[in-house]
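K.L.:
Have a look at this prediction, sequence included:
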Amino acid sequence: MATWAKIKFFYDTMLGLAGSSLTATSTATGDYSVSYLYNMLEIGAWMAANTNTPVYIAYDAGAGNAKTADYMVIMGHNLKTIGATIVLQYSTSGAWAGEEIGVFAEFSPEADTVILKEFSQSTAARYWRLKITGVLSAAPYMTLCVWGLKTELDYASASFDPYEQEAKANVNLSQAGYVTGVHTQYAERALQLRFDDADATLYGKIKTWWDTSGLKNFFVAWDTANNPTDVYLMRPDAKFSNPLVNGGLYRSISVNLKGRKE
């Protein structure tokens, strides 16, 4: 029997922190700001101005600051279609003269769907960059691209369907009940996660996520060991309630998530 991985949340990112900056080698004319990459929304995207490579998405944590990372997620991109190769690198000096270190091997995405790369926690560094290379057939674009520190939770106590979804659609019926037309808008995923008898460590992770991320979108993976491409952009219910149980020693944690199916 395959061993599952614990549920993981990917919300903690260095991008957008006070005092930091994010720049791109080039940006297309129009509303394609590089700041869209970390706002966790799907209504904007960054796009390069041309097919010239290498293309860099460069991050500077700011004077006196150094950040670590152990994951990167990219969503809403064309990197497979255009024939791109990517790698995430860091530099403690910012010289980018051969001292930089890639946190994973350069690779070419296998599809234009969500990309999750996990790696050993890096050395703390002020300077980071995503490097895009290759003979590109079109200008690269990305809706979201973040990296930072993941949060590993636990195994869910109750069963759930990782592929639960609901079609948001208008279905027209005749007076006799025949379907006369269907207009599908999108499909929405749902995850209902429950952790019974959760200890203080697990509750602390959940509360930190809630206090930090709130109602914003974030990425969640339910089993990276056997289903590494099942990485969803989701948002939580507005209610945060995790009652004490067993005389206050433990918590009964429920996390209900929804998100548009990619």
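P.N.:
Good, I have the coordinates. All values derive from a computational prediction rather than experimental measurement.
K.L.:
same for the helix or strand where Val73 lies, what does it pack against?
P.N.:
Using DSSP states H and E, Val73 maps to strand 71-77. Contact here means 3 or more CB pairs under 8 Å, 6 or more residues apart in numbering; DSSP states H and E; on that basis strand 71-77 packs against strand 115-118, strand 141-152. Every residue, glycine included, has its C-beta placed from N, CA and C.
K.L.:
at 10 Å what do you get?
P.N.:
In this structure, strand 71-77 makes packing contacts with strand 8-13, strand 85-91, strand 115-118, strand 127-133, strand 141-152, strand 218-221, strand 231-236, judged by 3 or more CB pairs under 10 Å, 6 or more residues apart in numbering; DSSP states H and E.
K.L.:
Quick check: neighbours of it in the sheet, parallel or antiparallel?
P.N.:
Sheet pairing of strand 71-77 (DSSP bridges) gives strand 115-118 (antiparallel), strand 141-152 (antiparallel).
K.L.:
Let me know the pLDDT of Leu22.
P.N.:
Confidence at Leu22, expressed as pLDDT, is 98.
K.L.:
Bridged to it, which residues?
P.N.:
Taking DSSP bridges as the rule, Leu22 bridges to Tyr59.
K.L.:
re earlier: which of the helices and strands packed on strand 71-77 is buried the deepest?
P.N.:
Of all the helices and strands packed on strand 71-77, strand 218-221 carries the top mean neighbour count, a mean of 24, counting by mean count of other CB atoms under 10 Å.
K.L.:
Can I get that strand in PDB? Just the C-alpha atoms.
P.N.:
Only the C-alpha atoms of strand 218-221 are listed here, as PDB (Å, rounded to 0.1, in the frame of the first residue of the first chain):
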ATOM      1  CA  PHE A 218      -3.700  29.900  -1.000                       C
ATOM      2  CA  PHE A 219      -2.400  26.600  -2.400                       C
ATOM      3  CA  VAL A 220      -3.200  23.200  -0.800                       C
ATOM      4  CA  ALA A 221      -1.900  19.700  -1.600                       C
END
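K.L.:
for that strand, what is the average pLDDT?
P.N.:
For strand 218-221, mean pLDDT is 98.
K.L.:
name the helices or strands packed onto that strand?
P.N.:
Using 3+ CB pairs under 10 Å, 6+ apart, strand 218-221 is in contact with strand 8-13, strand 71-77, strand 115-118, strand 141-152, strand 179-198, strand 231-236, strand 250-260.
K.L.:
Any figure for the gap between the residue lying farthest from the centre of the chain and Asp161?
P.N.:
No residue in the chain sits farther from the centre than Ala176, which is 46.0 Å out by CA atoms, centre = their mean. Counting by CB to CB, to the nearest Å, the gap from Ala176 to Asp161 is 34 Å.
K.L.:
and what of Asn170?
P.N.:
25 Å.
K.L.:
Could you do Ala5 as well?
P.N.:
Taking CB to CB, one finds Ala5 at 17 Å from Asp161.
K.L.:
now Ala169
P.N.:
Taken as CB to CB, the span from Ala169 to Asp161 is 20 Å.
K.L.:
Show me the shaky parts of the stretch 1-150 of the chain.
P.N.:
Scanning the stretch 1-150 of the chain for pLDDT under 70 picks out the ranges 1-2.
K.L.:
Recalculate using a threshold of 90.
P.N.:
Residues of the stretch 1-150 of the chain meeting the criterion pLDDT under 90: 1-4.
K.L.:
Then the stretch 151-262 of the chain?
P.N.:
168-171, 173-186, 246-248.
K.L.:
OK, contacts around the most centrally placed residue in the chain?
P.N.:
By CA atoms, centre = their mean, the chain has its centre lying nearest to Phe219, at 4.0 Å. Residues in contact with Phe219, defined by CB atoms under 10 Å, 6 or more residues apart in numbering, are 8-11, 13, 40, 71, 73, 75, 114, 116, 144, 146, 150, 231-234, 259.
K.L.:
just Ala221 next, same as before
P.N.:
By CB under 10 Å, 6+ apart, the contact list for Ala221 reads 5-10, 71, 73, 114, 116, 118, 150, 152, 162, 227-232.
K.L.:
Report the beta-bridge partners for it.
P.N.:
Lys8, Val231.
K.L.:
That'll do, ta.
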